[in-house]
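In: this is the structure alone, sequence omitted:
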């Protein structure tokens, strides 16, 4: 062999050796990663699991935002923006019907409230400071400039003349969570509006149209409070307007006594180990539902506040006691509407179960026909229905051609109000006469889906909060 040929051969062997070394190095890295396993499959406690971002763009509304839960592994962080709210809720739940047997047993063993190792928290009241000219008023057409720098309830637009179908006032609601399954707006019997923005609850007087102040979650032991995990998922005023119940995304249930002079906390309960998705009062009792399907009944006055419980297989997205406190209705993510009796310490089997094609998120008992209840369908369904809870049958329905996100009854005018998503993002007032539903008003002004509705005590005003981070006031 010639020297030149020998040199060329050695060079090829050396190059092959380098290539072999790289392949071997790459193979070892892959094998090591596969042995360790992905972090997403590690079973985590539900109350402390990673919280996804719920800021969806408008295109995602056409996805299955109200579909039942799916059996799949939590997606990486970069995929959460393209998922629907239902799958995000599954990620929040983390475990449940599709977790391993061992993890399920551990979770059931931890169902009781845990208080020993939980940092003490409390809600700090901050009164609003009203200075001359501090209200920020925006002219019509400046909606594109809305940012989170705006103060809550800052005036964005005020109508000089009341026009049918147009809001009389538009207020800022910065950082309002764009989540189909949350319940973040309520009006008390005294006309006090409670609106949850992030981890704070703002109180606004609908009669004086002034911001009263806000409640903010604080950590009393000096530990930093995670902003996303402590964000509010639901709130509800008591029937007398003195107590405000607040549920958070990490499962804490906060009951705050609304006292004009004292403004003090009544109780702090660590009740659920998952997102508190719905709340409802029955006199002095407050009922809460979680995305894992647990219903807890609390008496804040008792030494042991948890006085009753019930379980269903599917996650809850709505919960409401009937006007006479005779029945409790719970709506699930897979379209089941359950009616429970008033015995919170009994066997707790539902007395009636009804089914619709999509999640039962928008739901409300009829105030003047107390055995009737209305439900709204999501993007797959888009149907407004009124059910007879005794027979379990649908007595009437109407196709709305849009996602129904929220629903309220107006007793004095005998009307039903619904808030919608795509395609128009509007509010509809319905007249229910005999066995027919007919729309009487179409209220337009939101640029994104209307997530929450509330009515003032005399039924003359509608408050609607949308994913466009605006709060509209409408005259009936």
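Out: Yes, it's here. Bear in mind that the values here come from a model prediction, so they are computed numbers and not experimental data.
In: ok, residue 188 touching residue 235?
Out: No. Here residue 188 does not reach residue 235: they are 10.9 Å apart, not a contact under Cβ atoms under 8 Å. Placement of C-beta: from N, CA and C, glycine included.
In: list residues touching both of these two?
Out: Shared contacts of residue 188 and residue 235 (Cβ atoms under 8 Å, 6 or more residues apart in numbering): 194, 244.
In: can you list the weak-confidence ranges in the stretch 101-250 of the chain?
Out: For the stretch 101-250 of the chain, applying pLDDT under 70 flags the ranges 101-122, 130-149, 160-162, 218-229.
In: which parts of it are strands?
Out: Secondary structure of the stretch 101-250 of the chain (DSSP state E, counting those that start in this stretch): strands at 121-127, 155-158, 169-172, 185-187, 192-197, 200-205, 210-219, 232-237, 243-248.
In: poorly predicted segments of the stretch 251-400 of the chain, please.
Out: For the stretch 251-400 of the chain (pLDDT under 70), the answer is 259-261, 347.
In: for it, just list every one of the strands.
Out: 252-257, 265-270, 276-282, 285-290, 294-298, 306-311, 316-321, 327-332, 336-341, 352-355, 362-365, 372-376, 383-388, 393-399.
In: any chance of those strands in JSON lines, with distance to residue 469 and mean neighbour count too?
Out: Shown next, in JSON lines, are the strands of the stretch 251-400 of the chain (distance: least, Cβ to Cβ, whole Å; neighbours: other Cβ atoms under 10 Å):
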{"stretch": "strand 252-257", "distance to residue 469": "24", "mean neighbour count": "22"}
{"stretch": "strand 265-270", "distance to residue 469": "28", "mean neighbour count": "18"}
{"stretch": "strand 276-282", "distance to residue 469": "21", "mean neighbour count": "24"}
{"stretch": "strand 285-290", "distance to residue 469": "26", "mean neighbour count": "26"}
{"stretch": "strand 294-298", "distance to residue 469": "31", "mean neighbour count": "23"}
{"stretch": "strand 306-311", "distance to residue 469": "35", "mean neighbour count": "16"}
{"stretch": "strand 316-321", "distance to residue 469": "22", "mean neighbour count": "24"}
{"stretch": "strand 327-332", "distance to residue 469": "26", "mean neighbour count": "25"}
{"stretch": "strand 336-341", "distance to residue 469": "31", "mean neighbour count": "20"}
{"stretch": "strand 352-355", "distance to residue 469": "34", "mean neighbour count": "16"}
{"stretch": "strand 362-365", "distance to residue 469": "20", "mean neighbour count": "22"}
{"stretch": "strand 372-376", "distance to residue 469": "22", "mean neighbour count": "26"}
{"stretch": "strand 383-388", "distance to residue 469": "26", "mean neighbour count": "21"}
{"stretch": "strand 393-399", "distance to residue 469": "29", "mean neighbour count": "15"}
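In: wait, which of these is closest to residue 466?
Out: Nearest to residue 466, of all those, is strand 362-365, at 14.3 Å by Cβ to Cβ.
In: partner strands of that closest one and their direction?
Out: strand 372-376 (antiparallel) (DSSP bridges).
In: taking strand 383-388 as reference, get the angle to the strand it pairs with.
Out: In terms of direction (axes from the mean of the first three to the mean of the last three Cα atoms, to 10 degrees), strand 372-376 departs from strand 383-388 by 160 degrees.
In: so residue 315 makes contact with residue 335?
Out: No. If you go by Cβ under 8 Å, residue 315 and residue 335 don't touch, sitting 11.8 Å apart.
In: of the two, which one has the most company?
Out: Set side by side, residue 315 and residue 335 show more neighbours around residue 315, with 28 against 22, by other Cβ atoms under 10 Å.
In: setting aside sequence neighbours, what's the nearest residue to the more buried one?
Out: Spatial nearest neighbour of residue 315, excluding adjacent residues (Cβ to Cβ, 6 or more residues apart in numbering): residue 291 at 4.0 Å.
In: tell me which element residue 437 is part of?
Out: Per DSSP states H and E, residue 437 falls inside strand 436-443.
In: partner strands of that strand, with direction?
Out: Under the rule (DSSP bridges), strand 436-443 has strand 427-433 (antiparallel) as partners.
In: list the residues that contact residue 329.
Out: By Cβ under 8 Å, 6+ apart, the contact set of residue 329 is 318-322, 337-340, 363, 365, 373, 389.
In: of all those, which comes closest to residue 401?
Out: Nearest to residue 401 among these is residue 363, at 19.9 Å by Cβ to Cβ.
In: contact partners for that closest one?
Out: 318, 320, 329, 331, 337, 373, 374, 375, 376, 407.
In: so the fifth one touches residue 356, yeah?
Out: Yes. Checked against Cβ under 8 Å, the pair residue 337 and residue 356 is within contact range at 6.9 Å.
In: and residue 124, how many neighbours does it have?
Out: Counted with other Cβ under 10 Å, residues neighbouring residue 124 total 14.
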